[in-house]
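Peer 1: after the sequence you'll find the predicted model.
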Amino acid sequence: MTTRTATPRRYLMCRPEHYTVSYEINPWMDVTRYTDRDLALQQWEVLYRTYLDWGHTVDLIDPVPGLPDMVYAANGATVVDGVVYSARFRYAERAPEGPAYQKWFADHGFVTHTAAEINEGEGDILMVGDVLLAGSGFRTDRASHRELADLTGREVVSLELVNGHYYHLDTALAVLDSDPAHPLIAYYPGGFSEESQRVLAERYPDAIIATDRDAEALGLNAVSDGRRVVVAPGATDLAVELRNRGFEPHAVDTSELLKGGGGAKCCTLEIREVR
Ligand code: ARG
């Protein structure tokens, strides 16, 4: 079995102090359902502590009242080689989050670029090895994929999302190993157009194929440090497969945050510093 190696990570997170579901912009959100902010805070805290226990660095951005989705830090920006590509949100409800995250990065010494095109950060842009996978179909515009390629000088592979429940790339695809020598992903084919399924099968012939059950538990919204993987407790098929491939799956329950349509990965923005 392959021996997996964890590498130290730097993440940015946002405590869900103002968490609620007050609008509906994805099929998971239901404003008539009760949301328990204290439970969301507790679950978030477990995720945060998990990263710290594993020796990772976690920075925190102050939550802003009136921006309940700010807890989904992954959407706030994309950071590649120390360069920050700001988010530009599809919906007005989340629009102020882009500048809020961009300001955090500017205040912390990063070079930031204000996006001209609509993109929802790492929700739709995932780095695997040397390339960037970029989703479109629900939130992020294809035009941003080009903007991202121009900014980073990296290859950007466009993927089309077709299932509204998996409206962001990080709800249908997880990066498990980002080492350019042996990149590995897991994905749910049902989230992608046939053409994109072909692209994924060709590029990642040894990928883990997630089951319906994994996808429905938002199991693809997982965070891997190369060896340990935070995964939703309901994604039991994925956990078995992760173990078969030499990873250590760690179930972290973020059920309360799922009411907003997000899981562990949504709450975790990776800061990739200069190579
Ligand atoms: N309520 C948020 C939205 O619909 C959830 C975002 C989840 N984040 C993610 N990275 N998929 O925009």
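Peer 2: Okay, I see it.
Peer 1: can I assume residue 132 sits in a helix?
Peer 2: No: read with DSSP: H, G, I helix; E, B strand; the rest coil, residue 132 is strand and lies in no helix.
Peer 1: what sits against the closest residue to it other than its chain neighbours?
Peer 2: Counting by C-beta to C-beta, 6 or more residues apart in numbering, residue 156 is the residue found nearest to residue 132 once chain neighbours are left out, at 4.7 Å. C-beta: built from backbone N, CA, C; applies to glycine. By C-beta atoms under 8 Å, 6 or more residues apart in numbering, the contact set of residue 156 is 131-134, 145-146, 148-149.
Peer 1: just the buried ones from the residues you listed?
Peer 2: Among the contacts of residue 156, those buried by neighbour count (16 or more other C-beta atoms under 10 Å) are 132-134, 145, 148-149.
Peer 1: re the thing from before, dump the contacts of residue 156 to TSV, plus distance to the ligand.
Peer 2: Shown next, in TSV, are the contacts of residue 156 (distance: C-beta to the nearest ligand atom, whole Å):
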residue	distance to the ligand
131	19
132	15
133	14
134	13
145	17
146	22
148	16
149	21
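Peer 1: closest one to residue 93 out of these, please.
Peer 2: residue 134 (22.8 Å; C-beta to C-beta).
Peer 1: quick check: that closest one touching residue 159?
Peer 2: Yes: assessed by C-beta atoms under 8 Å, residue 134 is found in contact with residue 159 at 6.8 Å.
Peer 1: which neighbours do the two have in common?
Peer 2: Common neighbours of residue 134 and residue 159 (C-beta under 8 Å, 6+ apart) are residue 169.
Peer 1: what's the neighbour count on residue 70?
Peer 2: Close neighbours of residue 70, defined as other C-beta atoms under 10 Å, add up to 25.
Peer 1: ok but it is inside a helix, no?
Peer 2: Yes: Residue 70 forms part of a helix when assessed by three-state DSSP.
Peer 1: wait, what's in contact with it?
Peer 2: Going by C-beta under 8 Å, 6+ apart, residue 70 touches 14, 18, 61, 63-64, 76, 97, 100.
Peer 1: now it, nearest residue through space, not along the chain?
Peer 2: residue 14 (5.0 Å).
Peer 1: wait, that neighbour touches residue 69, no?
Peer 2: No: using C-beta under 8 Å, residue 14 is not in contact with residue 69, being 9.6 Å away.
Peer 1: write out the residues of the stretch 51-200 of the chain neighbouring the ligand.
Peer 2: 69, 72, 74-75, 94, 123, 168, 170-171 (C-beta under 6 Å from any ligand atom).
Peer 1: kindly reformat those residues as JSON lines containing pLDDT.
Peer 2: Below are these laid out as JSON lines (pLDDT from 0 to 100):
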{"residue": "69", "pLDDT": "98"}
{"residue": "72", "pLDDT": "98"}
{"residue": "74", "pLDDT": "98"}
{"residue": "75", "pLDDT": "98"}
{"residue": "94", "pLDDT": "98"}
{"residue": "123", "pLDDT": "98"}
{"residue": "168", "pLDDT": "98"}
{"residue": "170", "pLDDT": "98"}
{"residue": "171", "pLDDT": "98"}
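Peer 1: so can I have CSV of these showing neighbour count and secondary structure?
Peer 2: Formatted as CSV, those follow (neighbours: other C-beta atoms under 10 Å; DSSP: H, G, I helix; E, B strand; the rest coil):
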residue, neighbour count, secondary structure
69, 27, helix
72, 31, coil
74, 30, helix
75, 30, helix
94, 22, helix
123, 29, helix
168, 31, coil
170, 31, helix
171, 29, helix
